[in-house]
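**Q** need a 3D model of the following:
(one chain, ligands or ions: 2)
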Amino acid sequence: MSLHTLPGLVDVHVHLRVPGGEHKETVASGTSAALAGGVTAVLAMPNTSPPITDGASLDAARAAHAEARCDVGIFLGATDDNAEAAAAAADGACGLKIYVNETFGPLRVEALPTLAAHFAAWPRGKPIVLHAEEVAVATAIGLGATYGQHVHIAHVSRAQEIELIAAAKQAGLRVTCEVAPHHLFLCETDLPRLGTFGLMRPPLARPADRDALWSHLDAVDCIATDHAPHSREEKAGPKPPPGVPGLETTLPLMLTAVHEGRLTLERLVELCSTTPARLFGIETPNESSVEVEIGPARQLPERGWQTKPDWSAFAGMTVHGRVLRTTLRGQVVFEDGRITARPGAGRVLFG
Ligand code: NCD
Ligand code: ZN
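**A** Residues are numbered from 1 along each chain as shown. Ligands and ions are numbered 1, 2, ... in the order given. Below is the predicted model of the structure:
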């Protein structure tokens, strides 16, 4: 067994569901889940109800996160007609999120003139994050190169996508990407076992896609969870929404990969903390750290998570990693399985 102290994790793709989705997750439960996972800063997605698309909705969302227990940055979301309004509010956001492909919530932009308007208007210097699958990855890279924008591809899941991104990087284009743990540790062969609890966008892919993500790990910039909580009732119901929680399982899974020799601890720290912090302009505060253990095998539990829906698609998997203690700006905020952070211990970033 070995003990290690790492910098606090920075997760650039999290759905905190505030405002409007508090039956799925609240600021308290979502930011507690982050701390229990060793994550000291999260970037929250704008597909809320109402969505975060302009200065007024961003200000309201920022105010609603005042009780956060970890640091939180908030994305603006693109719509068909908010290119100017989003750009005008950019100072208070961590980036612009564009959903090119269909997923949970009404935010979606797929027409070229509208996409181009966003790329033209958005201030250079903060990333444009795209939910772009398959051929849409090429659209995103092309628009970024044309308009001189930093394009960040969310939750890359297929061999064809990571191969194109690796080639674009080789060609010197300013494109970065993230991969979610569920696409590294699960694939479509897990679906019969998981049922509707294994549905997310992008979907679990073929074993060959999962393997390609591992073999192209040098082209991956960040591990980001796409923590997308939905209640057990919703997932088991007639119209199961896509998405799985992930904040509390990233380190147990990634530390298991270290244990198995699939990546080094130094590379884990780059992928989960230092590179996402640098790409999104987040200062990882001094004295924010996570103490972890690599060693004894255990099974991830069905229940007992901080995230409000209290389920995990990874339950039952054998892991060799555990979060022991999380410290935020010198204060112990998670220890021995308990949250010790006070509400408001986190900061709303980009203010
Ligand atoms: C996300 C959600 O539930 O908000 N769902 C998902 O399957 N990933 C939306 C998204 O990130 O695409
Ligand atoms: Zn998402």
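**Q** pull up the residues of the stretch 151-300 of the chain that are close to ligand 1.
**A** Proximity of the stretch 151-300 of the chain to ligand 1, by C-beta under 6 Å from any ligand atom, involves residues 200-201, 226, 228, 241-243. C-beta here means a position set from N, CA and C on the backbone, and glycine is covered the same way.
**Q** top of those by number of neighbours, please.
**A** Ranked by the number of neighbours (other C-beta atoms under 10 Å), those place D226 first, at 29 neighbours.
**Q** what sits against it?
**A** For D226, the contact set (C-beta atoms under 8 Å, 6 or more residues apart in numbering) comprises 13-15, 154-155, 180, 182, 200, 243-244, 246.
**Q** can I get the residues of the stretch 151-300 of the chain next to ligand 1 in JSON lines with secondary structure and pLDDT?
**A** Compiled in JSON lines, these are given as follows (DSSP: H, G, I helix; E, B strand; the rest coil; pLDDT from 0 to 100):
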{"residue": "M200", "secondary structure": "coil", "pLDDT": "98"}
{"residue": "R201", "secondary structure": "coil", "pLDDT": "97"}
{"residue": "D226", "secondary structure": "coil", "pLDDT": "98"}
{"residue": "A228", "secondary structure": "coil", "pLDDT": "98"}
{"residue": "P241", "secondary structure": "coil", "pLDDT": "97"}
{"residue": "P242", "secondary structure": "coil", "pLDDT": "97"}
{"residue": "G243", "secondary structure": "coil", "pLDDT": "98"}
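**Q** nearest to G30, of those?
**A** A228 (10.9 Å; C-beta to C-beta).
**Q** hang on, the closest one packs against P202?
**A** No - counting by C-beta atoms under 8 Å, A228 does not reach P202; the two are 11.8 Å apart.
**Q** the residues of the stretch 151-300 of the chain next to ligand 1: which two are farthest apart?
**A** Maximum distance among these (C-beta to C-beta): 13.2 Å, for D226 and P241.
**Q** can you map out the helices along the stretch 201-350 of the chain?
**A** 207-215, 232-236, 250-259, 265-269, 275-279 (DSSP state H, counting those that start in this stretch).
**Q** avg pLDDT for the fourth one?
**A** Same thing as helix 265-269. Per-residue pLDDT over helix 265-269 has a mean of 98.
**Q** who touches that helix?
**A** 4, 6-7, 217, 254-255, 257-258.
**Q** now do 10 Å
**A** Residues from elsewhere that reach helix 265-269 (C-beta atoms under 10 Å, 6 or more residues apart in numbering): 2, 4, 6-7, 9, 217-218, 220, 223, 250-251, 254-255, 257-259, 262, 274-275, 292, 294, 321.
**Q** repeat for the second one
**A** The contact list for helix 232-236 (C-beta under 10 Å, 6+ apart) reads 23-24, 194-199, 229, 240-244, 309-311, 313.
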